[in-house]
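need coordinates for the following:
(chains A and B)
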Amino acid sequence: MDNCENLKLTCLHDLHLALGARMSPFAGYDMPIEYGLGIIGEHNAVRNACGVFDVSHMGEIGITGEDAEFFVNRVFSNDVTNAPDGQCFYGMMLRPDGGVVDDLLVYKRRHNDFLFVVNASNITKDEQWILRQAEGYRVCLEFMSEEMAELAVQGPEAEKVMEEVVEIPCRDLAFYTFKELDHEGETVIVSRTGYTGEDGFEIYGPHSFIRRVWQVLMDSGKAAPCGLGCRDTLRFEVGLPLYGNELADDITPLEAGLGMFVKLEKPDLIGGETLRRHKEEGPRRKVVGLEIHDRAIARHGCEVLSPEDEVIGTVTTGYRGISTDRSICMALIDARYAKTGTELKVKVRKKTFPATVVSKKFFKKSYKA
Amino acid sequence: MILYSKTHEYIRVEGDKGYIGISDYAQKQLGNVVYVDMPDLGDEIEKGEDFGAIESVKAASDLISPVSGEVVEVNEALSDDPRLINADAMANWIIAVSIADTSDLDDLMDQAAYDEFCAAAH
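The predicted structure is shown next:
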């Protein structure tokens, strides 16, 4: 393979190669795209049973100190005020103009002690952003992405696999909560979270621990190794955004339909003032779902046209659905055309195909209540 | 006679007709094929230019013609079931063309040369 010299490796890299994974560069890491089952087989394993992903490329940033809660509420769109220990939050870091620096999970470990889990592709940008915003606040930042590895165990059988194979009791964990365990003096975090639309868990820990869990899962045969290929098809089908596609520096959470994760009433939220104004005016663009009435697949960057053939937006992610056998995509379009049922057109290479605006939840999530 | 291009298309030559598809190596690299975008009967295609695209779950790849000529057959079975490419890429050709100029075949690789070419790509 070419250009491998500069790629970073997760602590499971040799084990992926041993399984015969097809590897590809992603966010500076040499990551598994698919294993023997292929993207479709792995996707179905997660929908119907259980799959495990190496997501050690994700970034982890610790934020502690006297001003931590105030600071988190300022840089993070969701509201962590007085949250119970062990609570997870989804939200974004916002720019003053309302654009999104990154979307992330925030773990509240205890009072004034938070963990940010950010996209691998944005680690450096996020670290610099947080450092700059932290000026003048009594917070301590810890960049832990290199030391901390992560697995995602996902699917309707994930709880059973966690309890019986990994031997971490997690029946009692509610959706979007986590607990911390001690492993030979080092901390392991287990949360009931994921990025697939299925029930599941994410496990963070030191390399040695994560390697052992992966090996135990492989030996058991109870969790299919899954690559980044199906991670994307799974999140897409249930309408979850991917930074760089449905979210970006120049796309606001209101345009992406994620307003519920932005607590605009927080007075000190960076970007809050702009978004309060945008909310009043109504967003000019919206991320919608489109169903194409053909087998053709509209990919990221394809143009969306009005009935009068005017360009009104672009496709952000598109696939032939796996759990739902349709050609579907998400697209960022002029809000005037965003109503469900609107008939539009999508340009794929040289041809134009009719498409209908539909819910971007193409497939129903099945989280545990 | 079966010849291959550097972009992993094959052409099975039968008289002045050539059946064009993608190689077994290419099929393996792509993974699950979910759509084949094919030209229409009668279209004129050019050597070195795209005549359609093949889509795996993940991405679209252009299909590059190894010869110039007119499309005389289109494998309609692929419209209904693109997975046939994964099942047997060599048997499931995509289009047939009437080869305009047989000298287009001169720079293509035979099986031995192509096998070597793929091995070197690893």
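
average pLDDT for the longest helix anywhere in chain A?
When chain A is parsed with DSSP state H, its longest helix is helix A:207-220. Regarding helix A:207-220, the rounded mean pLDDT is 98.

next one: stretch A:170-181
Here the average pLDDT along stretch A:170-181 is 97.

try stretch B:72-81
Per-residue pLDDT values across stretch B:72-81 average out to 95.

and that stretch, how far apart are its ends?
Stretch B:72-81 has its terminal residues 21 Å apart, counting by C-alpha to C-alpha, to the nearest Å.

which residues are in contact with it?
Stretch B:72-81 has contacts (C-beta atoms under 8 Å, 6 or more residues apart in numbering or on different chains) with A:295, B:17, B:19, B:36, B:38-41, B:84-85, B:92-98. The way it works is simple: take the backbone N, C-alpha and C, and place the C-beta from them, glycine included.

what comes up buried for that stretch?
Using 16 or more other C-beta atoms under 10 Å in any protein chain shown as the burial criterion, the residues of stretch B:72-81 that qualify are B:74-75, B:78.

B:Ala100 and B:Asp88, how far apart?
Noted for B:Ala100: a distance of 28 Å to B:Asp88, by C-beta to C-beta, to the nearest Å.

more neighbours, the two?
Here B:Ala100 and B:Asp88 are compared on neighbour count by other C-beta atoms under 10 Å in any protein chain shown; more neighbours surround B:Ala100, at 16 against 11.

and the more buried one, what is it in contact with?
Neighbour list for B:Ala100: B:67-70 [criterion: C-beta under 8 Å, 6+ apart].

up against chain A, what does chain B have?
B:31-32, B:34-35, B:37, B:53, B:55-60, B:79, B:82, B:122 (C-beta under 8 Å from any C-beta of the partner chain).

out of those, which are buried?
For these, burial is judged from neighbour counts taken by 16+ other C-beta under 10 Å, and it is met by B:31-32, B:34-35, B:37, B:53, B:55-58, B:60, B:82.

just send those back as CSV, with distance to A:Ser77 too.
Rendered in CSV, the data for those read as follows (distance: C-beta to C-beta, whole Å):
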residue, distance to A:Ser77
B:Gly31, 36
B:Asn32, 37
B:Val34, 36
B:Tyr35, 37
B:Asp37, 40
B:Ala53, 39
B:Glu55, 36
B:Ser56, 35
B:Val57, 32
B:Lys58, 31
B:Ala60, 35
B:Pro82, 41
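
now the two most distant members of those residues.
Taking C-beta to C-beta as the measure, those reach their widest spread between B:Gly31 and B:Asp37, a distance of 17.2 Å.

ok but A:Glu163 is inside a helix, no?
Yes - the assignment for A:Glu163, made by DSSP: H, G, I helix; E, B strand; the rest coil, places it in a helix.

tell me the pLDDT at it?
Note on A:Glu163: pLDDT of 97.

ok, now which ones touch it?
Shown here is A:Glu163, whose contacts under the criterion C-beta under 8 Å, 6+ apart are A:169-171.

among these, who's most crowded?
With neighbours set by other C-beta under 10 Å, the maximum within the contacts of A:Glu163 is found at A:Cys170, which has 19 neighbours.

isn't it up against A:Asp199?
No - contact criterion C-beta atoms under 8 Å: A:Cys170 and A:Asp199 do not qualify, at 10.5 Å.

okay, and the common contacts of these two?
For the pair A:Cys170 and A:Asp199, residues contacting each of them under the criterion C-beta under 8 Å, 6+ apart are A:159, A:192.

and the residue nearest the centre of chain B, what does it touch?
Against the mean C-alpha coordinate of chain B, by C-alpha atoms, centre = their mean, the closest residue is B:Gly21 at 2.6 Å. Contact analysis of B:Gly21 by C-beta under 8 Å, 6+ apart lists B:9-10, B:12, B:85, B:89-90, B:92-94.

can you tell me which of these lies nearest to A:Gly282?
When the contacts of B:Gly21 are compared for distance to A:Gly282 (C-beta to C-beta), B:Ile85 comes out closest, at 46.1 Å.

residue ranges with poor pLDDT in chain A?
Flagging of chain A using pLDDT under 70 yields the residue ranges A:1-5, A:369.

how about a cut-off of 50?
Confidence mapping of chain A against pLDDT under 50 gives the ranges A:1-2.

helix, strand, or coil at the residue lying farthest from the centre of it?
In chain A, counting by C-alpha atoms, centre = their mean, A:Glu308 sits farthest out from the average C-alpha position, at 35.4 Å. When the structure is reduced to helix, strand and coil (three-state DSSP), A:Glu308 reads as coil.

may I have the phi/psi pair for it?
Here is the backbone geometry of A:Glu308 (degrees, to the nearest 10): phi -90, psi 10.

pull up the residues of chain A that are close to chain B.
Among all residues of chain A, those adjacent to chain B (criterion: C-beta under 8 Å from any C-beta) are A:1, A:22, A:33-34, A:38-40, A:229, A:232-233, A:295-297, A:299, A:319-320, A:322, A:327, A:348-349, A:351.

how many neighbouring residues does the closest residue to chain B within the stretch 251-369 of chain A have?
Ranked by C-beta to the nearest C-beta, the top residue of the stretch 251-369 of chain A for proximity to chain B is A:Arg320, at 4.1 Å. Around A:Arg320 there are 23 other residues, counting by other C-beta under 10 Å.

cool, and A:Asn119?
The local packing of A:Asn119 (other C-beta under 10 Å) involves 19 other residues.

contacts only, for the closest residue in space to it that isn't next to it in sequence.
What sits nearest to A:Asn119 in space, not counting adjacent residues and going by C-beta to C-beta, 6 or more residues apart in numbering or on different chains, is A:Tyr243, at 4.9 Å. The contact partners of A:Tyr243, taken as C-beta under 8 Å, 6+ apart, are A:100, A:102-103, A:119, A:121-122.
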